[in-house]
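Colleague: Prediction below, plus the sequence it came from.
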Amino acid sequence: MTDLQFEPDVSVRSRNHRIGCIGAGMIMAECHLAAYREASFDVAAIASRTRANAAKVAKRWSIQTVHATPEALIEDSGIEIVDLAFPPDLQPALIRHALKQPHVKAILAQKPLALSLEEAIRLRDEAKAAGKLLSVNQNMRYDQSMRVLKQIIDRGALGDIVFAQIDMHAIPHWQGFLAEYDRLTLANMSVHHLDVLRFLFGDPDEITTLTRKDPRTAFEHSDGITVSTLRFPSGVMAVSLEDVWSGPRQEGYEDDQHIRWRVDGTKGVAKGTIGWPTGVASTLTYASTTETDGKWVSPSWETMWFPQAFIGVMEQLQHAVSSGTQPVLDVADNVRTMALVEAAYRSIDEARTVRLSEISIDEQQGGQPS
């Protein structure tokens with residue numbers, strides 16, 4: 001059996017840039033800032049829509065400066081990286097404000113980057129014109145099981161990949177602002193899985209998506225439970241299923257929320273779990289005819305998607321600033337994920353398979369994606 005070496009978590013190469021955090025909700029308070037404390041990143045200031053909420057989070061994480069508004073934080077000349085955790089309808093205006101500031105070197109935005117592919121393309125092009133780094137927080141790529149799976153695939157231990165699936169039966173915490181939007185699961189939950197499938201296998205040729213409304217979600221929405229089938233140029237077929245219903249939620253009912261994944265190849269199989277729904281570490285086990293003598297091997301780690309994956313997200317952006325390179329989670333790459341989400345919605349609306357070549361993401365001259 002080959003000596004097996006894995007890197008479930010990133011090594012921190014850059015941590016010296018001053019970060020200004022915008023947002024004081026769960027994802028900032030419980031994930032971003034917990035990760036940044038663990039990695040000794042320099043969080044210099046925070047702001048939110050409500051100063052009192054920002055002050056409460058600042059006290060918890062010993063952040064020295066609380067700005068009255070997000071705009072004031074962005075204008076703080078001591079801030080080099082703006083870290084946004086804001087609703088997608090409000091995020092573009094803050095990104096554009098940051099692009100105008102000479103002292104801001106980079107921006108980390110939340111996914112989805114915007115409410116439409118058209119807006120995402122405009123932001124990509126405006127960041128390029130401003131000479132600023134714009135990165136999007138597709139943090140599932142830094143889930144430990146996904147990182148190790150990618151390493152296993154890249155070194156050929158599974159041979160040619162034949163089939164892959166992500167099977168989610170878990171109930172998200174739908175943030176209140178989502179009630180104002182028509183799009184729900186694909187844009188806000190499936191986007192993790194569609195993006196990580198691109199991370200693993202490249203851009204697909206086509207996608208077919210079906211949906212039904214989630215009986216539990218009280219506000220109006222077009223997509224609830226979703227099932228997408230993707231086909232890649234290599235021949236890989238993949239299924240991404242998001243069952244956000246996942247059974248009754250009532251006293252005495254023992255639910256079994258989970259996310260499982262599996263990748264089949266000509267020389268082996270890898271399978272595992274994503275620990276997010278139950279707050280435990282993700283898992284991976286694999287067997288390879290060439291690397292494990294056909295035996296099942298289970299690498300392990302103690303870190304988790306939430307919060308440790310967020311170290312990798314901010315580290316890749318700080319390293320890009322330090323090295324003068326493009327971030328791994330570059331906005332241009334994220335526009336391709338947004339195009340995949342858009343193709344999935346088109347598939348639902350038109351009840352057909354949609355080829356990604358139908359969705360134009362070329363630089364816009366005042367036009368619209370086709």
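Modeller: Received, thanks. Numbering: from 1, shown residues only.
Colleague: need the contact list for Gln138.
Modeller: Neighbour list for Gln138: Lys111, Val191, His192, Asp195, Val196, Phe199, Val313, Leu329, Asn334, Thr337 [criterion: CB atoms under 8 Å, 6 or more residues apart in numbering]. For every residue, glycine as well, the C-beta is placed using N, CA and C.
Colleague: contacts for the one helix or strand the third one maps to?
Modeller: Secondary structure assignment for His192, by DSSP states H and E: helix 191-201. Contacts of helix 191-201 with the rest of the structure, by CB under 8 Å, 6+ apart, involve 111-112, 138-141, 143, 146, 149-150, 153, 161, 164, 166, 168, 186, 204, 228, 230, 232, 234, 236, 238, 240, 242, 263, 334, 336-337, 340-341, 344.
Colleague: I'd like the next helix or strand past that helix.
Modeller: strand 206-212.
Colleague: what pairs with that following strand, and is each one parallel or antiparallel?
Modeller: According to DSSP bridges, strand 206-212 forms sheet pairs with strand 225-231 (antiparallel), strand 354-355 (antiparallel).
Colleague: Relative to Ala309, tell me which of those strands wins on proximity.
Modeller: strand 225-231 (22.7 Å; CB to CB).
Colleague: buried stuff in that closest one?
Modeller: Neighbour-count burial for strand 225-231 flags Ile225, Thr226, Ser228, Thr229, Leu230, Arg231 (criterion: 16 or more other CB atoms under 10 Å).
Colleague: Please tell me how far the fifth one sits from Gln138.
Modeller: Read it as Leu230. Separation of Leu230 from Gln138 (CB to CB, to the nearest Å): 17 Å.
Colleague: do Val227 as well
Modeller: Applying CB to CB, the value for Val227 to Gln138 is 21 Å.
Colleague: Equivalent analysis for Ser48, please.
Modeller: Ser48 sits 23 Å away from Gln138, going by CB to CB.
Colleague: domain assignment for this protein?
Modeller: Split into domains by automatic domain parsing, the chain comes to 19-139+310-328, 143-304.
Colleague: Same list, the buried residues of strand 225-231, but as CSV with pLDDT please.
Modeller: Converted to CSV, the buried residues of strand 225-231 look like this (pLDDT from 0 to 100):
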residue, pLDDT
Ile225, 98
Thr226, 98
Ser228, 99
Thr229, 99
Leu230, 99
Arg231, 98
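Colleague: Which pair of the residues you listed spans the longest distance?
Modeller: Every pair of the buried residues of strand 225-231 checked by CB to CB; the farthest is Ile225 and Arg231, at 21.5 Å.
Colleague: Count the residues that sit near the nearest residue to Ile22 once chain neighbours are set aside.
Modeller: Leaving aside its sequence neighbours, Ile22 sits nearest to Pro70 (CB to CB, 6 or more residues apart in numbering; 4.6 Å). For Pro70, the count of nearby residues is 25 (other CB atoms under 10 Å).
Colleague: And Ser40, by the same measure?
Modeller: For Ser40, using other CB under 10 Å, the count is 9.
Colleague: Determine the three-state secondary structure at the spatially closest residue to it that is not a sequence neighbour.
Modeller: Of all residues not flanking Ser40 in the chain, Arg15 sits nearest, at 5.9 Å (CB to CB, 6+ apart). Secondary structure, DSSP: H, G, I helix; E, B strand; the rest coil: Arg15 is coil.
Colleague: Much appreciated, bye for now.
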